[in-house]
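**Q** Please work out how this folds:
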Amino acid sequence: MSGMNNRKSVVLGLFILFGIAIVVVGVLTLGGQKKSFVKSVHINAVFDDVNGLSVGNNIWFNGVKVGTIKSIGFNQAADVMVEMSVEEKVMKYIASDAKVKIGSDGLIGNKIIVIYGGSVGAPRVAPNGSLKVETALSTEELMGTLQENNKNLLAITSDFKAISSKLASGQGSIGKLLTDESLYNDLRTTMTGLKRASDNASHLTNDLSGFTAKLNEKGTLANELVTDTTVFASLRNTVAQINEAARKANDVVANFSKASSQLNNAKSPVGTLLYDEAAAGDLKLTLHNLQQGSAKLDENMEFSLSLQHNFLLRGFFRRKAKAEKNAAKQ
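**A** The predicted structure is shown next:
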C-alpha cells in the first residue's frame, strides 16, 4: 500500500515539473517576442490621433521589430503622448530627424508604429528624446476616400454607358462614323488625300534637303551666291544695270510712242506729208523741179568747163584765177 502511494507521488511530481517547464518556456518565449529581457531605451512621440494604438503594440524600424509601446497618455494640450521602448543597440541607427507614423500589421492587423527616414549626418536621437510625427490617413478617412472614389467610378460608368448607347444608336459624329458607311468612305477618302499630301510634303522636304546640300557644296553657283560676297555684289550690279537698261528702253518706247502720235497728227509736218495729198503733190513737184534744176546746173557746169578750155577765152580765165590767187595772198 505504501509502494502504491510512493508511485503516485512520483508521477504527480513529474507532472508538476513538466507543467513548470512549460510555463517557463512560455514566459521566455513571450518575453523574447515582447523584448522583455532586452535592454531598452525610452523615446517619445506626440500624436493627434493614435487610431486605436494600444500598449504592447510593436515598433518597426526599416522593416525590423525594435521595440514595443510602453505607455499611452495625454499631455496638457490633450494630445496623445506615446512612450516607446526601443532596444538600446538600435538607438545608434535612429537619427534625431527621423519620423514616426502609425501603420498596420497587415490589412486588418494590429496597429504599429513605424520609424523611418533620418539623415546620415544628423545626430542620433537621445534617450527620452522625441521624434516628429507624420500624420497618416486613418481607416475612416481611407474608407471615406474609397467610398468617394466608388461614387466617382459609378458616375463615370453611367456616363460611359450613356455614351456607348448613343454610339450604338448612331448619334453624334462618332456614332454616325460607326454606323454610316458613306461617311466612313468619305473619311477614308479624306485620309487618303491627307496621306498623299503627307507624301508630297515628304518629297518636298527631301528636295529642300537636296537644295540645301547643294548650297553647302563648294564651287557651285548657289554656294558662291550664299557665301561669296563679291559674286553677290557683281550679281547685284548686273541687276542694277539690267534695271537701268529697262528704264532706258522704256524711255525709247515712250519716245517712239510720242513720235507715232506726231505721225498720226495731220497738223504736224510729217503728218501733213502722210495725210495731205496736196502737200504730197507739191513736195513731189518740188523734187521734180530740183531734179530738173540739177540737170541744167550740170549742163551749165559742163558748158563752163568747155569755155575754160576754149583758146579764145583761156587767157581770160587764167587772168581771173591769178587775180583771185593774189587777192587770197593779201
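**Q** mind listing what's buried in the host helix or strand of Gly67?
**A** Element membership for Gly67 (DSSP states H and E) is strand 64-74. Residues of strand 64-74 classed as buried under the neighbour-count rule (16 or more other CB atoms under 10 Å) are 66-70. Any C-beta I mention is one placed from the backbone N, CA and C, and that applies to glycine too.
**Q** Whichever helix or strand comes after that strand: partners in the sheet, and parallel or antiparallel?
**A** Helices and strands here follow DSSP H and E; after strand 64-74, the next one along the chain is strand 80-87. Applying DSSP bridges, strand 80-87 is found paired with strand 40-47 (antiparallel), strand 64-74 (antiparallel).
**Q** and the last one, average pLDDT?
**A** By that I understand strand 64-74. Averaging pLDDT along strand 64-74 gives 90.
**Q** Can I get that strand as CSV, trimmed to CA atoms?
**A** The C-alpha coordinates for strand 64-74 follow below in CSV (Å, rounded to 0.1, in the frame of the first residue of the first chain):
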residue,chain,number,x,y,z
VAL,A,64,12.7,45.2,-38.3
LYS,A,65,10.9,44.9,-35.0
VAL,A,66,12.9,47.1,-32.5
GLY,A,67,10.6,47.6,-29.5
THR,A,68,7.1,47.9,-28.1
ILE,A,69,4.7,50.6,-26.9
LYS,A,70,5.4,51.3,-23.2
SER,A,71,2.6,53.7,-22.4
ILE,A,72,-0.1,55.9,-24.0
GLY,A,73,-1.4,59.1,-22.3
PHE,A,74,-2.5,62.7,-22.7
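**Q** would you turn the strands paired with strand 80-87 into CSV with distance to Ser85?
**A** What follows is the strands paired with strand 80-87, written out as CSV (distance: least, CB to CB, whole Å):
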stretch, distance to Ser85
strand 40-47, 4
strand 64-74, 4
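**Q** Of these, which is nearest Leu187?
**A** Closest to Leu187 of the strands paired with strand 80-87 is strand 40-47 (CB to CB; 62.2 Å).
**Q** Buried residues, the closest one. List them.
**A** 40-41, 43-47.
**Q** Toward the C-terminus, what is the element adjacent to that strand?
**A** In N-to-C order, the element after strand 40-47 by DSSP H and E is strand 58-61.
**Q** what's that next one packed up against?
**A** Judged by 3 or more CB pairs under 8 Å, 6 or more residues apart in numbering; DSSP states H and E, strand 58-61 is in contact with strand 64-74, strand 80-87, strand 111-116.
**Q** The shortest one: which residues count as buried?
**A** Of all the residues in strand 111-116, those buried under the rule 16+ other CB under 10 Å are 111-115.
**Q** what's in contact with the helix or strand following it?
**A** Per DSSP H and E, strand 111-116 leads on to strand 132-133 as the next helix or strand towards the C-terminus. By CB atoms under 8 Å, 6 or more residues apart in numbering, the residues outside strand 132-133 that reach it are 45-48, 97-101.
**Q** and which of those is nearest Lys161?
**A** Lys101 (40.7 Å).
**Q** Mind checking what secondary structure that closest one has?
**A** Under DSSP: H, G, I helix; E, B strand; the rest coil, Lys101 falls in the strand class.
**Q** these two touch, right, Ile94 and Val125?
**A** Yes - contact criterion CB atoms under 8 Å: Ile94 and Val125 qualify, at 5.0 Å.
**Q** if I look at the two, which residues touch both of them?
**A** 43, 131.
**Q** Select, from the contacts of strand 132-133, the two members most distant in space.
**A** In the contacts of strand 132-133, the most distant members under the criterion CB to CB are Asp48 and Asp97, with 20.0 Å between them.
**Q** what about those two, which has more around it?
**A** Set Asp48 next to Asp97 and count neighbours by other CB atoms under 10 Å: Asp97 wins out with 13 against 10.
**Q** Contact partners for the more buried one?
**A** Applying CB under 8 Å, 6+ apart, we find Asp97 in contact with 117-119, 122, 132.
**Q** Selection in PyMOL covering whichever of those residues are buried, please.
**A** Buried residues within those, by 16+ other CB under 10 Å, are selected in PyMOL with:
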select buried, resi 118
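**Q** In TSV: the contacts of Asp97, plus distance to Ala155 and pLDDT.
**A** Formatted as TSV, these follow (distance: CB to CB, whole Å; pLDDT from 0 to 100):
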residue	distance to Ala155	pLDDT
Gly117	38	83
Gly118	43	83
Ser119	45	86
Ala122	47	87
Lys132	39	89
